[in-house]
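J.: Pasting the sequence and the predicted model now:
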Amino acid sequence: MASTKPDPWHYRRMRGELNLTQREFCDRYGIPLKTYRNWEQGIRTPSESELTYLKVIYTIPSLVDVAINGRR
């Protein structure tokens, strides 16, 4: 089953809801800054696995923080 990929503005809006700059978002979640910028600018779309990771970040960011950093 194919998933619908959000338009580039969707990434920016969701990152904004987390109150993070591009650099902060990328540093926090281990995503190369250039890759993320390409997603926001519509130059490239995330792969299915990248899209799944983004969905988890946007749905439960605290869970990802614990998984990456061992912090609660």
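T.: In hand now; what should we look at?

J.: helices or strands up against the host helix or strand of residue 67?
T.: Counting by DSSP states H and E, the element that carries residue 67 is helix 61-69. Here helix 61-69 touches helix 22-29, helix 48-59, going by 3 or more C-beta pairs under 8 Å, 6 or more residues apart in numbering; DSSP states H and E. Heads up, the C-betas are built off the backbone N, CA and C, glycines and all.

J.: okay, the angle between the helix or strand following the first one and helix 22-29?
T.: Downstream of helix 22-29, the first helix or strand assigned by DSSP H and E is helix 33-41. An angle of 120 degrees separates the directions of helix 33-41 and helix 22-29 when computed by axes from the mean of the first three to the mean of the last three C-alpha atoms, to 10 degrees.

J.: residues touching residue 36, list them.
T.: 11, 22, 25, 26 (C-beta atoms under 8 Å, 6 or more residues apart in numbering).

J.: if we go to 6 Å?
T.: Each residue near residue 36 by C-beta atoms under 6 Å, 6 or more residues apart in numbering is listed here: 22, 26.

J.: before we move on, what about the one 10 residues further on?
T.: Neighbour list for residue 46: residue 39 [criterion: C-beta under 6 Å, 6+ apart].

J.: what about it, distance to residue 12?
T.: Distance, residue 46 to residue 12, using C-beta to C-beta, to the nearest Å: 14 Å.

J.: which residue sits closest to the most centrally placed residue in the chain, ignoring its sequence neighbours?
T.: Central residue of the chain (C-alpha atoms, centre = their mean): residue 54, 4.0 Å from the mean position. Nearest residue to residue 54 in three dimensions, chain neighbours excluded: residue 46, at 6.2 Å (C-beta to C-beta, 6 or more residues apart in numbering).

J.: just residue 37 next, same as before
T.: Per C-beta to C-beta, 6+ apart, closest to residue 37 is residue 22, 6.3 Å.

J.: swap in residue 8?
T.: Per C-beta to C-beta, 6+ apart, closest to residue 8 is residue 42, 3.9 Å.

J.: what's around that neighbour, how many residues?
T.: As a burial measure, residue 42 scores 11 neighbours (other C-beta atoms under 10 Å).
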